[in-house]
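Participant: 3D, please:
(one chain, ligands or ions: 3)
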Amino acid sequence: MVKDAERNIYNARIKGVMKIDGITSTNPIAVGDRVEAEMENEGEHTLTISGIEERKNYIARVSPHNKNQHHIIASNLDQCMLFATLKDPKTSQGFIDRFLITAEAYHIPAIIVFNKEDLYKKKEVEKFRELNTMYEIIGYKVLSMSVEKNTGMEDVNELLKDKVSLLSGHSGVGKSSFINMLFPELLLRTQDVSGWSGKGLHTTTFAEMFDLPFGGKIIDTPGIRELGLVDISKQELSHFYPEMRALINDCQFNNCLHINEPGCAVKDAMLNGKIHLERYISYCNILETIEVRSY
Ligand SMILES: Nc1nc2c(ncn2[C@@H]2O[C@H](COP(=O)(O)OP(=O)(O)OP(=O)(O)O)[C@@H](O)[C@H]2O)c(=O)[nH]1
Ligand SMILES: [Mg+2]
Ligand SMILES: [Zn+2]
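Facilitator: Ligands and ions are numbered 1, 2, ... in the order given. Prediction:
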C-alpha cells in the first residue's frame with residue numbers, strides 16, 4: 001500500500017523486476033520506502049511502482065525462511081523501539097541484545113520499552129531494575145509502561161513525537177495494543193495471550209506505518225521470534241557493544257575476540273565490574289552462534 005502526500009491510500013504493485021542496493025533481500029520494497037509510482041487505475045485507486053528513492057537507512061535481519069537472504073524490516077527510520085516484556089511473554093536478555101546489536105550495526109538509535117508493568121510482582125520489579133541500570137549505563141534509553149493500565153505511556157509518546165519510529169519485539173508484547181491506544185478509531189487486531197504457547201502465533205501479519213496524531217510516524221510490525229544477525233563477523237561483534245567498543249583499542253591483540261587472549265582490556269573490564277557480567281555472557285553466547293565463513 002502506498003500513501004501520497006495528501007494521505008490518500010492506494011493499492012500498488014511493482015513494475016517488472018527492481019534490484020536495489022545490490023543486496024539480496026526477500027522483499028524489494030519495505031515499509032518506510034519512498035517510491036515513484038504511476039496511476040494504474042484511478043477508479044480502483046491502484047498504482048504501479050516504478051522506482052524507489054535511495055534509502056537514508058534501513059534495518060534488516062536474516063530471513064526466517066532462508067538464512068542466505070536478508071529481510072528488510074523497515075527503511076528511512078529515525079529510531080527503533082524494542083517492546084519487551086518480563087512476563088506473558090518473556091523477552092530474554094539475549095533477544096534484547098541481538099536487537100541492540102542489529103540497531104548498532106545499521107546505525108539506528110534504539111530504545112527499550114518494557115510493557116505490561118501491571119503484571120510485575122516482586123521478582124519482575126527487581127529484574128526490571130537490574131536491566132534498566134544495565135542498559136542505561138551503556139547509553140540506551142529504557143522506559144516502562146502498561147498499555148493496559150495506561151501508565152508510563154506519556155514518556156513513550158514524547159520520544160515518538162516528530163520522529164519515524166519502528167516498533168519491534170516478540171509476538172504478544174503489545175505493539176498493536178499500544179498503537180490502538182494512540183488511534184482508538186483504528187482497531188488493529190490484537191490477541192489475547194492467555195494460553196500463549198510461544199509458537200506460531202502472530203496477530204499482526206504485515207508491517208504498516210501510521211501518521212501519529214502529535215507528529216511523526218510509527219511502524220507496527222509482526223512479532224519476531226528470533227533475530228538472525230545479518231553479516232556480522234566474529235571480529236566485528238564487540239564493536240556493536242558500546243561499552244566494549246570504547247576499550248577495543250586497549251587490547252593487546254588487534255584481532256582480540258575477548259575470550260582467552262592475554263592482555264584483553266574487555267575481559268579485564270568485565271572482571272573489574274566495569275562491563276556487566278550478563279552483557280559479557282550474552283556477547284560470548286552470540287559470538288558462538290556466528291559462523292565463520294570461508295570465501
Ligand atoms: N497485562 C497486560 N496486557 C497487555 C498490555 N498491553 C497489551 N496487553 C495484551 O497483550 C496481548 C497481545 O497484544 P498485541 O498488541 O496483540 O501484541 P503484538 O505485540 O501486537 O503481537 P503480534 O502482532 O503478534 O506481534 C493482548 O491480549 C493485549 O490486550 C499491558 O500493558 N498489560
Ligand atoms: Mg500486533
Ligand atoms: Zn580483548
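Participant: switch to C-alpha atoms for all contacts and neighbour counts from now on
Facilitator: Will do.
Participant: Dump the helix or strand T133 falls within to CSV, keeping only the CA atoms.
Facilitator: Assigned by DSSP states H and E, T133 belongs to helix 122-137. What follows is helix 122-137, C-alpha atoms only, in CSV (Å, rounded to 0.1, in the frame of the first residue of the first chain):
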residue,chain,number,x,y,z
LYS,A,122,8.5,-8.6,43.3
LYS,A,123,10.6,-10.8,41.1
GLU,A,124,9.8,-8.8,37.9
VAL,A,125,10.3,-5.4,39.7
GLU,A,126,13.8,-6.5,40.7
LYS,A,127,14.5,-7.8,37.2
PHE,A,128,13.4,-4.6,35.6
ARG,A,129,15.6,-2.5,38.0
GLU,A,130,18.6,-4.6,37.1
LEU,A,131,18.0,-4.4,33.3
ASN,A,132,17.2,-0.7,33.5
THR,A,133,20.5,0.1,35.2
MET,A,134,22.5,-2.3,33.0
TYR,A,135,21.2,-0.7,29.7
GLU,A,136,21.1,2.9,30.8
ILE,A,137,24.7,2.9,32.0
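Participant: May I have the strands that pair with the helix or strand following it, each with its orientation?
Facilitator: Of the helices and strands lying after helix 122-137 in sequence (DSSP H and E), the nearest is strand 141-144. For strand 141-144, the pairing partners within the sheet under DSSP bridges are strand 110-114 (parallel).
Participant: Need the CA coordinates for the partner strand. PDB is fine.
Facilitator: Output of strand 110-114 as PDB, limited to C-alpha atoms (Å, rounded to 0.1, in the frame of the first residue of the first chain):
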ATOM      1  CA  ALA A 110      17.500   2.100  19.800                       C
ATOM      2  CA  ILE A 111      15.100   2.500  22.800                       C
ATOM      3  CA  ILE A 112      13.900  -0.300  25.000                       C
ATOM      4  CA  VAL A 113      10.300  -0.100  26.300                       C
ATOM      5  CA  PHE A 114       9.200  -2.600  28.800                       C
END
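Participant: Tell me the residues on the chain that lie near ligand 3, please.
Facilitator: Contact residues (Cα under 5 Å from the ion) of the chain with ligand 3: C251, C256, H258, C264, V266.
Participant: try 8 Å
Facilitator: The chain comes close to ligand 3 at residues 248, 250-253, 255-259, 261-267, as judged by Cα under 8 Å from the ion.
Participant: Got a quick PyMOL command for the buried subset of these?
Facilitator: The following PyMOL line selects those of the residues of the chain next to ligand 3 that are buried, judged by 16 or more other Cα atoms under 10 Å:
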select buried, resi 248+251+256+257+258+264+265+266+267
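Participant: Inside helices: which ones of the residues of the chain next to ligand 3?
Facilitator: Among the residues of the chain next to ligand 3, the members found in helices (DSSP state H) are A265, V266, K267.
Participant: ok, now how distant is the residue lying farthest from the centre of the chain from N11?
Facilitator: Among residues of the chain, the one most distant from the C-alpha centroid is G43; the distance is 37.6 Å, by Cα atoms, centre = their mean. Between G43 and N11 the distance is 12 Å, computed by Cα to Cα, to the nearest Å.
Participant: Equivalent analysis for A37, please.
Facilitator: 11 Å.
Participant: repeat for S63
Facilitator: Per Cα to Cα, S63 is found 25 Å from N11.
Participant: what about the stretch 101-250 of the chain, any weak spots by pLDDT?
Facilitator: Within the stretch 101-250 of the chain, the stretches with pLDDT under 70 are 186-202.
Participant: contacting residues around D250?
Facilitator: D250 makes contacts with C264, A265, as judged by Cα atoms under 8 Å, 6 or more residues apart in numbering.
Participant: what's the answer for R98, then?
Facilitator: L227, G228, L229, I286.
Participant: a markdown table please, covering the residues you listed and showing neighbour count and secondary structure.
Facilitator: Listed next are the contacts of R98 as a markdown table, based on neighbours: other Cα atoms under 10 Å; DSSP: H, G, I helix; E, B strand; the rest coil:
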| residue | neighbour count | secondary structure |
| --- | --- | --- |
| L227 | 20 | coil |
| G228 | 20 | coil |
| L229 | 21 | coil |
| I286 | 16 | helix |
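Participant: so, if you compare the residues you listed, which one comes nearest to ligand 1?
Facilitator: Distance to ligand 1, by Cα to the nearest ligand atom, is smallest for L227 among those, at 13.5 Å.
Participant: I figured the closest one was touching D97, is that so?
Facilitator: No. L227 lies out of contact with D97 (Cα atoms under 8 Å); the separation is 9.9 Å.
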